[in-house]
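1. give the three-dimensional model of this entry:
(one chain, ligands or ions: 1)
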Amino acid sequence: MKVGVADTTFARVNMGAIAINELKRHASVAIERTTVPGFKDLPVACKKLIEERGCDIVIALGMPGGQEKDKLCAHEASQGLMLAQLMTNHHIIEVFVHEDEAGDDQELAWLAERRTREHAENAVNLVLRPEVLTRMAGTGQRQGFKDAGPARQ
Ligand SMILES: Cc1nc2c(=O)[nH]c(=O)nc-2n(C[C@H](O)[C@H](O)[C@H](O)CO)c1C
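-> Predicted coordinates for the structure are as follows:
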């Protein structure tokens, strides 16, 4: 199995390094990494990781800033990532941590690390152990902040 890790220089946390560290904790996988300036550059970077570097799945790591134009661009980048998935028929796990989700730098660093680690584990499970995800169906998992948990009647 080969996992692609695509991250950005715009992000204020080294999310790529965290993802690689977490991937190695869960499986013996080959890893291909690429770093681009910002999240709008991620879709083609992910497509190239799949088509040219043979990745089975890619983790796309980005950090939208707090301004309105950043949020609009994040939506566009997200659509690009979905298109890249459909064009390649491979999963690209989008891990975006919005700067304004956190109250301060410390919480931003914590959130980026938690969300990245949890999604790195999801990526391994999606390809190698899909039954693990099926066992967690409907359990209200969240990546980063606390899980929502299952709804009760
Ligand atoms: C407005 C803007 N906001 C962000 C952002 O919040 N996060 C991010 O990663 N990148 C941003 N960028 C840069 C674009 O994603 C891209 O790198 C440039 O437009 C060059 O293609 C832009 C242009």
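
2. the ligand versus residue 118, what's the distance?
-> 20 Å (Cβ to the nearest ligand atom, to the nearest Å). Heads up, the C-betas are built off the backbone N, CA and C, glycines and all.

3. count of residues packed around the residue in the chain that the ligand sits nearest to?
-> With Cβ to the nearest ligand atom, the shortest gap between the chain and the ligand falls at residue 38, namely 2.4 Å. Per other Cβ atoms under 10 Å, the neighbour tally for residue 38 reads 18.

4. and the one 3 residues further on, by the same measure?
-> Counted with other Cβ under 10 Å, residues neighbouring residue 41 total 19.

5. ditto for residue 151
-> 7.

6. ramachandran angles for the closest residue to it other than its chain neighbours?
-> Leaving aside its chain neighbours, residue 151 sits nearest to residue 140 (7.3 Å; criterion: Cβ to Cβ, 6 or more residues apart in numbering). Backbone torsions for residue 140, taken as degrees, to the nearest 10, come to phi 70, psi 40.

7. which element is residue 113 on?
-> helix 105-128 (DSSP states H and E).

8. so which elements touch that helix?
-> On a contact count with 3 or more Cβ pairs under 8 Å, 6 or more residues apart in numbering; DSSP states H and E, helix 105-128 meets strand 2-8, helix 15-26, strand 57-62, strand 92-96, helix 130-135.
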